[in-house]
Structures are given as structure tokens and as C-alpha cells.
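Participant: here is my input; please provide its structure:
(one chain, ligands or ions: 1)
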Amino acid sequence: MPINYKEYHPKWKLISKLIRVNRAKGKCEWCGIKNGSVVKRNADGTFREPCQTDWDMIHSRIKHSHSNMTESLKYHGFSKIVLTVAHIDHDKTNNRFNNLAALCQKCHLSHDLKQHVDNRKYGRNWKGEHQLRMSL
Ligand SMILES: [Zn+2]
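Facilitator: Numbering: from 1, shown residues only. Next up is the predicted model:
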């Protein structure tokens with residue numbers, strides 16, 4: 001999802017890098033998956049990296065279908081992990097480090113999805129459970 005930097009702190013790129021690199025050491029802070037790794041996720045939350053046969057299929061698709069790496073990975077059920085920084089309470093102005101988390105796509109999406117569901121259920125400003133999670 002493209003990021004609109006106007007909604008973020010003027011030094012967001014630096015803040016984000018400090019969280020992803022210095023604090024999280026390049027790993028999702030919720031599931032532990034490594035930034036930049038290529039994985040296939042299973043429904044039970046486990047994941048595996050491509051074996052040589054998978055790589056052969058991925059490269060074959062690029063060669064024979066005029067596909068690029070991202071599309072071919074997706075076609076074969078793999079994705080490259082890209083860490084992004086989430087605001088745990090969904091308030092983009094709350095940049096306290098304990099409100100920020102370096103997350104993979106799956107964790108970030110499920111966190112955002114939870115907020116969307118809560119917004120529909122309880123109204124846009126309801127943040128009860130997220131505030132509870134932060135105090136744990
Ligand atoms: Zn994760």
C-alpha cells in the first residue's frame with residue numbers, strides 16, 4: 001500500500017529505520033520472520049523458504065512468461081518479506097517508540113484489519129483493546 005508521507009512525522013523515514021533496523025534487527029517484532037526473506041506461508045502460520053525446485057519454477061516463469069520476480073513469486077505462492085512500521089494504536093501522530101512496531105505484511109495487515117473491524121463495530125475512535133495490548 002503506498003504511503004502518504006504528509007500524514008506522518010517529518011522524520012518518519014528515520015524513525016521507521018530506527019525501529020526496523022536498530023530495535024527489531026530486521027525481523028518482524030510479532031512473528032519473527034526476517035526482512036527480505038522469500039517465503040510461502042501456510043494457513044497454520046508456519047512458513048517455508050523455496051527449495052531448488054521452487055526456484056527453478058520461479059525462474060522458468062520469468063524466462064518463458066515474460067514475468068518479473070515479484071509476479072512469479074506470487075504466482076507460485078511465495079512473497080518477499082518487507083518490514084514496515086505500524087502505529088499500534090493506529091494514531092499516526094503518536095510516534096512514541098512503545099507505540100511503534102516493525103511488522104511483516106501479514107502481521108501489519110491483520111493488525112490493520114482488526115482496526116477496520118473495530119471501527120465498523122464500535123466507531124472510528126474506539127481503541128480500547130489496542131490500549132490494553134500496549135499496557136501488557
Ligand atoms: Zn510478522
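
Participant: so what's N68 closest to, chain neighbours aside?
Facilitator: Computed as Cβ to Cβ, 6 or more residues apart in numbering, the closest residue to N68 that is not its neighbour in sequence is I62, at 6.7 Å. Quick note: C-beta positions are derived from backbone N, CA and C, even for glycine.

Participant: I figured that neighbour hits T70, correct?
Facilitator: No - with contact defined as Cβ atoms under 8 Å, I62 and T70 do not form a contacting pair (10.1 Å).

Participant: any regions of this structure where pLDDT drops low?
Facilitator: Within the chain, the segments meeting pLDDT under 70 span 1-2, 124-136.

Participant: spell out which parts of it neighbour the ion.
Facilitator: 28, 30-31, 104, 107 (Cβ under 5 Å from the ion).

Participant: ok, now which ones touch D54?
Facilitator: 40, 76, 78 (Cβ atoms under 8 Å, 6 or more residues apart in numbering).

Participant: same thing with E7?
Facilitator: By Cβ under 8 Å, 6+ apart, the contact set of E7 is K92.

Participant: gap between it and H90?
Facilitator: When distance is defined by Cβ to Cβ, to the nearest Å, E7 is 12 Å away from H90.
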